[in-house]
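Participant: A structural model of the following input is requested.
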Amino acid sequence: VKYFTINAPAATAWRSSAKWPPTGSRSQVLHLAGQALQPRPAKAAAQALQVDTAPTCPPDPIQPNTGPFAQPCHPAKSLAFTGPPLAADTELTGMPLADLWISADTPDQPVFAYLEDVAPDGAVTVVSEGRQRANLRKVVAAPWDTAGTPWRRSFAEDDQPLKAGEPVKVSFDLLAVSYVFRKGHRIRIAVAGSDPRERGRPEVARTLTLHMGGATPSTVTLPVMTAR
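Facilitator: The predicted structure follows:
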């Protein structure tokens, strides 16, 4: 695998590895609690979010943010969980994983998660993203090596409609990443129920509820590089 590490020194930004994720990547599990990312679970809690049925992104200053140029942006209506300022530059290289306990008032609800870099001045950069339809959440054994990421067939018999108010676990990977979060920046996870680039979005009022702690510990697993 040949890959580029964003924010790495220019002389070493292009890298190669015999496998993915590279040797030296360690999985760090962080729990979503309140508005924070923390290493240990908290007491059981839930946060409800009215899904945005017409989400938009700020216009791209260089080219239209539509079609093939569409880029992710921080959802205005989302639940955000932010870590503390980093004491040193921190590299994430690999596939972030989201394990989210959600409920909804509709039989089907898309779930979107965004890995974000929050600068000291508050500027937000979306680093990676992932999505999964909650009714097709069933994880089964994959017919090939998925490098530890959950795999879903999405067959008709795998359809599991949501029951109003009943929490279910939705597990999915975010797009592979190699990114250095600068010292003083913060890592943030945003969870939303819609995305501006989503096709066939149901434009009906609905509520997504994220459950945390206790028997429903919503977490994100980050691939932290500990050696280079």
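
Participant: what's stretch 143-159 in contact with?
Facilitator: For stretch 143-159, the surrounding residues in contact (C-beta atoms under 8 Å, 6 or more residues apart in numbering) are 20-21, 95, 97, 132, 135-142, 171-173. Where C-beta positions appear, they are placed from N, C-alpha and C, glycine not excepted.

Participant: Buried residues in it, which are they?
Facilitator: 149-150, 152 (16 or more other C-beta atoms under 10 Å).

Participant: Taking the centroid of the chain, which residue is nearest it?
Facilitator: Most central in the chain under C-alpha atoms, centre = their mean is residue 113, positioned 3.2 Å from the mean C-alpha point.

Participant: Assign residue 172 to helix, strand or coil.
Facilitator: Secondary structure for residue 172, judged by DSSP: H, G, I helix; E, B strand; the rest coil, is strand.

Participant: coming back round to it: for the residue nearest to the centre of the chain, pull up the helix or strand it's in.
Facilitator: Assessed by DSSP states H and E, residue 113 sits inside strand 110-118.

Participant: That strand: what's the following helix or strand?
Facilitator: Following strand 110-118 in sequence, per DSSP H and E, is strand 124-133.

Participant: and the angle from that next one to strand 110-118?
Facilitator: Put simply, strand 124-133 runs at 160 degrees to strand 110-118, going by axes from the mean of the first three to the mean of the last three C-alpha atoms, to 10 degrees.

Participant: Just checking: what are the partner strands of strand 124-133?
Facilitator: strand 110-118 (antiparallel) (DSSP bridges).

Participant: Out of the contacts of stretch 143-159, the closest to residue 187 would be?
Facilitator: Using C-beta to C-beta, residue 97 comes nearest to residue 187 of the contacts of stretch 143-159, at 14.3 Å.

Participant: And the pLDDT for the closest one?
Facilitator: Note for residue 97: predicted pLDDT of 98.

Participant: Please, which helix or strand holds the residue lying closest to it once chain neighbours are set aside?
Facilitator: Using C-beta to C-beta, 6 or more residues apart in numbering and skipping residues adjacent in sequence, the residue nearest residue 97 is residue 221, 4.2 Å away. Assigned by DSSP H and E, residue 221 belongs to strand 219-225.
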